[in-house]
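Undergrad: take this sequence and fold it.
(one chain, ligands or ions: 1)
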Amino acid sequence: MSERKTTKEDVHSWTSRYADKAGYMLNPDEEMRELVLEGIAKNKDTHGKNYCPCRIVTGDEIEDKKIICPCIYHKGEIETDGSCHCDLFFKKEDEDTDED
Ligand code: SF4
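TA: Next comes the predicted model:
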């Protein structure tokens with residue numbers, strides 16, 4: 001009954017597509033990235049939605065909707081801090097950073 005269905009590979013696949021589309025990149029640190037992907041997969045199986053593994057699922061459906069990955073906060077966080085709260089999505093580094 002509590003069999004795992006969602007794998008971190010599943011989550012990796014849609015988060016990569018989202019990152020591509022949104023102009024972000026996934027955390028290049030594999031270990032950290034895998035932890036977050038695993039956490040999202042676990043939430044999907046436990047709570048039925050891709051809830052953020054770095055925030056508390058309250059049980060209030062309306063509140064919790066805000067933390068379904070990609071959460072309502074990530075854009076602002078990436079803009080301000082360079083990455084989302086979980087360090088899953090990062091601002092894409094500009095390859096063309098010549099400043100003089
Ligand atoms: S903080 Fe990052 S990983 Fe967590 S839900 Fe928001 S976008 Fe997803």
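
Undergrad: shouldn't Met25 be within a helix?
TA: No: with DSSP: H, G, I helix; E, B strand; the rest coil as the criterion, Met25 is assigned strand and is not in a helix.

Undergrad: residues contacting it?
TA: 19, 89-93 (C-beta atoms under 8 Å, 6 or more residues apart in numbering). To be clear about C-beta, it is placed using only N, CA and C from the backbone, and glycine gets the same treatment.

Undergrad: repeat that with 6 Å
TA: 19, 90, 92 (C-beta atoms under 6 Å, 6 or more residues apart in numbering).

Undergrad: any idea how far it is from Asp10?
TA: 19 Å (C-beta to C-beta, to the nearest Å).

Undergrad: still on that earlier bit, now, of the contacts of Met25, which are buried?
TA: Buried members of the contacts of Met25, counted by 16 or more other C-beta atoms under 10 Å: 19, 90.

Undergrad: including distance to Glu38, could the contacts of Met25 go into JSON lines?
TA: Output for those, formatted as JSON lines (distance: C-beta to C-beta, whole Å):
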{"residue": "Ala19", "distance to Glu38": "17"}
{"residue": "Phe90", "distance to Glu38": "18"}
{"residue": "Lys92", "distance to Glu38": "24"}
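
Undergrad: do you know how far the residue nearest the centre of the chain is from Ile62?
TA: Closest residue to the average C-alpha location of the chain: Leu88 at 4.8 Å, with C-alpha atoms, centre = their mean. Noted for Leu88: a distance of 23 Å to Ile62, by C-beta to C-beta.
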